[in-house]
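Colleague: I'll drop the sequence and a predicted model, then ask my questions.
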Amino acid sequence: MALTVLKGTIVSAPALGRLEVVKGGYLVAEDGVVRGVFSALPERYAGAAVEDFGDALVLQSLADLHLHAPQYPMMAVGMDLPLLDWLNTYAFPTEARYADLDYAREVYRRLARDLVENGTTRVCMFSSLHRQATRILMEELERAGVTGYVGKVNMDRNGAPDLQETTEESMAETLRWLEECRDFRLVKPMVTPRFTPSCTDELMDFLGKLAAERGLPVQSHLSENRAEIAWVAELHPDCGQYWETYAKYGLWNARTLMAHCVWSDERERRAMKDAGVTAVHCADSNQVLCSGVAPVRAMLDEGMKVALGTDVAGGSSLSMFDAAAAAIGASKSRRILDGGETGLLNAAEAWYLATSAGAAFFGAAPGFAPGGALHALVLDDSRLLQPHPLTPEERLERCLYVRQPGAVRAVWSAGRKVFSAELST
Ligand code: GUN
Ligand code: FE
């Protein structure tokens, strides 16, 4: 049996708004499966090799539940347009390049490594419409040790001349891609209609049936931008609200992720809650693309499932620490816009959303629950000055805001050490 024993200031998020802290604690995994967090090493592990990180924070690694892999090279470029213009001007031409498989390999290898170095070990990710490049993306994620779901994007209308499939191509390529996915261990396929304007009714119907038949999860975009919502209403006059264009085709259930939901009103949010759909809040992207300020506090108060995403490259950072800080910022903007009436998201809540809430989509229990695969990172914040001796909770809060190059010292994903700063220098 392989034992992993990590010693440090162990902080986990077992529930929304609650942090569990064990100073000088031991996080133990057997064969990559968490056995517990202990204040003293249990007798049965006596003699085990301990990786002692001193006072550094031992944290859960992060889950990015929405990003666009092919857009990574254009991150923080072209941040001056609203969604629909931004897609046509920047995103679609960038994605069209992934017909070139050498280019795909180069970008995706780098992306996978950068995710791990930022402490992100679980993802739900959009590829482009290209089947082969999507497979390359999955290979590179798996090679780097990133786990999760990847979607070959479906888009058979309103794309660009070099970024659109026929309906038949989209269906056939999706089926072929699913065949090719069988051998992946850590990275699995996810049904991915880009968003309603990108997919004909025939394609949506096919994808809904495919997801149901094969028990596949689904990801898409919902109510991100007001022009988009108006367009969807024109395309589907029979649907009272945007979400119904997904529900109509069976793309609306407890294994569905919907990115953004900026403009989802109480009725749309109720439909998400009733179906168990997860809203993926991408606060940075919502600001970059001037989409709006999502009511993240209201979503949580109403009992909806909420996770966080970077939405690279609508979002301008690959770091989920930034995504968590942006979510807190969005809750503050929402409060200002609501006349000071709405509550804020605090650091413990944002941390829960960035870790445990995302992990929940993969069926993982929150925090470092015994029985779960080890997903962890070590964060060394010792180079920051302290105004007074900070508590671990205060240290974690500041780590959401202050980027510290090289502070992530080591990362474990699915039980395996996938990054070590010592080795990487
Ligand atoms: N809606 C449809 N496609 C996209 C995309 O690539 N990024 C974002 N942010 N929204 C979208
Ligand atoms: Fe997106």
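Modeller: Ah, there it is. Ligands and ions are numbered 1, 2, ... in the order given.
Colleague: Show me what counts as buried in stretch 159-175.
Modeller: 159, 163-165, 167, 170-171, 173-174 (16 or more other C-beta atoms under 10 Å). Bear in mind the C-beta positions are built from the backbone N, C-alpha and C, glycine included.
Colleague: Then stretch 269-281?
Modeller: For stretch 269-281, a neighbour-count test (16+ other C-beta under 10 Å) marks 269, 271-272, 277-281 as buried.
Colleague: repeat for stretch 416-425
Modeller: So stretch 416-425, judged by 16+ other C-beta under 10 Å, has buried residues 417-419.
Colleague: Strands - which of those land there?
Modeller: Residues from these lying in strands, with DSSP state E as the criterion: 417-419.
Colleague: Under a three-state scheme, what state does the closest residue in space to residue 73 that isn't next to it in sequence occupy?
Modeller: Spatial nearest neighbour of residue 73, chain neighbours left out: residue 107 (5.8 Å); criterion: C-beta to C-beta, 6 or more residues apart in numbering. The three-state label given to residue 107 by DSSP: H, G, I helix; E, B strand; the rest coil is helix.
Colleague: circling back to that earlier point, please convert the buried residues of stretch 159-175 to JSON lines, extending it with pLDDT.
Modeller: Listed next are the buried residues of stretch 159-175 as JSON lines, based on pLDDT from 0 to 100:
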{"residue": "159", "pLDDT": "98"}
{"residue": "163", "pLDDT": "98"}
{"residue": "164", "pLDDT": "98"}
{"residue": "165", "pLDDT": "98"}
{"residue": "167", "pLDDT": "98"}
{"residue": "170", "pLDDT": "98"}
{"residue": "171", "pLDDT": "98"}
{"residue": "173", "pLDDT": "98"}
{"residue": "174", "pLDDT": "98"}
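Colleague: Go through these and name the one nearest ligand 1.
Modeller: Each of the buried residues of stretch 159-175 was scored against ligand 1 by C-beta to the nearest ligand atom, and residue 159 proved nearest at 10.1 Å.
Colleague: Surely that closest one touches residue 92?
Modeller: Yes. Counting by C-beta atoms under 8 Å, residue 159 touches residue 92, with 6.4 Å between them.
Colleague: Below-threshold pLDDT in the stretch 301-425 of the chain: ranges please.
Modeller: 423-425 (pLDDT under 70).
Colleague: what do you get if the cut-off is 50, keeping everything else the same?
Modeller: With pLDDT under 50 as the threshold, the stretch 301-425 of the chain has low-confidence stretches at 425.
Colleague: do you know how far the one residue in the stretch 51-200 of the chain that gets nearest to ligand 1 is from residue 251?
Modeller: Nearest residue of the stretch 51-200 of the chain to ligand 1 (C-beta to the nearest ligand atom) works out as residue 195 at 4.1 Å. As judged by C-beta to C-beta, to the nearest Å, residue 195 and residue 251 stand 11 Å apart.
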